[in-house]
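> okay, here's the prediction I keep looking at, along with the sequence it came from:
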Amino acid sequence: MRIAFAADDENETTRAVVAFLEQDHEVVRVGRSDAWPELGAAVGRAVAGGDADFGVAMCWTGTGMSIAANKVPGVRAALAWEAWIAEGARKWNDANVLALSLKRLAPAVAVEVTRTFLSTDADPDEAANIALLD
Ligand SMILES: O=C(CO)[C@H](O)[C@H](O)COP(=O)(O)O
């Protein structure tokens, strides 16, 4: 798949997530500044515009990226900090952008959350609820 990626800082956790993504996906770095509102919106635009299948956006908390991405119509960004949250975000919310804290998640946890997010399908029974978001 094609994954839009942005992070407003780089550390062991961001590098682990990118390395994981690059194993099986085409990673497209988006955004033209270091400002999290611009980077989160860029990830959202890439996904909503069809340039990417999913987005992964990382900032210190993950919250700013999720807010910025969610401002883009068609984006359902989820801030996840453990695999169960990421699984639910896909199953029940059909989330298309994953927001992660690059400061609080250990590299292995961030990778596991990302792996779970990308390998979980949306539950068709939730389609009516998802439609209510638009
Ligand atoms: O977590 C974040 C936003 O939710 C940012 O990463 C954090 O606020 C640092 O950004 P800046 O250096 O621009 O203040």
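Yep, it's here.
> skipping adjacent residues, who's closest to the residue of the chain at minimum distance from the ligand in space?
In the chain, the residue that lies nearest the ligand is Gly64 (2.4 Å; C-beta to the nearest ligand atom). Placement of C-beta: from N, CA and C, glycine included. For Gly64, ignoring the flanking residues on the chain, the nearest one in space by C-beta to C-beta, 6 or more residues apart in numbering is Trp36 at 4.2 Å.
> phi first, then psi, for Gly55.
For Gly55, the backbone dihedrals (degrees, to the nearest 10) come out as phi -120, psi 150.
> next, count neighbours for it.
Per other C-beta atoms under 10 Å, the neighbour tally for Gly55 reads 31.
> could you check the pLDDT of the most centrally placed residue in the chain?
For the chain, the residue nearest the mean C-alpha position is Leu98 (2.0 Å; C-alpha atoms, centre = their mean). pLDDT for Leu98: 99.
> that one in helix, strand or coil?
Using DSSP: H, G, I helix; E, B strand; the rest coil, the structure places Leu98 in strand.
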